[in-house]
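*Asks:* Whatever this is, show me its structure:
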Amino acid sequence: MIPGGGQPNMQQLLQQAQKMQQDLARAQEELAATEVDGQAGGGLVKATVTGSGELRGLVIDPKAVDPEDTETLADLVIAAVQAANENAQTLQQQKLGPLAQGLGGGGSGIPGLPF
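*Replies:* Model (predicted):
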């Protein structure tokens, strides 16, 4: 027994936790289906990633292709993918931030509960 206090309604806490987990799973599915773009070189190279960071597309303008200078093209590709991933991380924070905080910071569960 807890002196001077009552037990929290465990059934209610478990239902809230289950709802938050469902909301988090739904948000993660939405992120996986959402595409985000990034570009480099003034649009010469464009990368498309999902909201979860999976590379889905890469468009290279022929003007960016110089057989004598493939290093610059490689740098543009890397920069475009990084820009797209940064945009995906921003989207993740917007969609998952409040849910992850509600679940105790993301996979660590709800404080005080065994999951």
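*Asks:* which intervals of the protein have sub-threshold pLDDT?
*Replies:* Along the chain, the model assigns pLDDT under 70 to residues 1-8, 99-115.
*Asks:* For it, just list every one of the helices.
*Replies:* Ranges of helices in the chain, per DSSP state H, are 10-33, 70-102.
*Asks:* could you give the angle of the first one to helix 70-102?
*Replies:* Which is helix 10-33. Helix 10-33 runs at 160 degrees relative to helix 70-102, counting by axes from the mean of the first three to the mean of the last three Cα atoms, to 10 degrees.
*Asks:* could you say what helices and strands helix 10-33 packs with?
*Replies:* Applying 3 or more Cβ pairs under 8 Å, 6 or more residues apart in numbering; DSSP states H and E, we find helix 10-33 packed against strand 45-50, helix 70-102. (Each C-beta comes from the backbone N, C-alpha and C, glycine too.)
*Asks:* if you set the cut-off to 7 Å instead, what comes out?
*Replies:* Using 3 or more Cβ pairs under 7 Å, 6 or more residues apart in numbering; DSSP states H and E, the elements in contact with helix 10-33 are helix 70-102.
*Asks:* So which bits of the helix it packs on are buried?
*Replies:* For helix 70-102, burial by neighbour count (16 or more other Cβ atoms under 10 Å) applies to 73, 76-77, 79-81, 83-85, 87-88, 91-92, 95-96, 99-100, 102.
*Asks:* Same check on stretch 47-60?
*Replies:* 47-53, 60.
*Asks:* and the residues you listed as a markdown table, adding distance to Pro67?
*Replies:* Listed next are these as a markdown table, based on distance: Cβ to Cβ, whole Å:
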| residue | distance to Pro67 |
| --- | --- |
| Ala47 | 22 |
| Thr48 | 25 |
| Val49 | 28 |
| Thr50 | 32 |
| Gly51 | 35 |
| Ser52 | 35 |
| Gly53 | 31 |
| Ile60 | 13 |
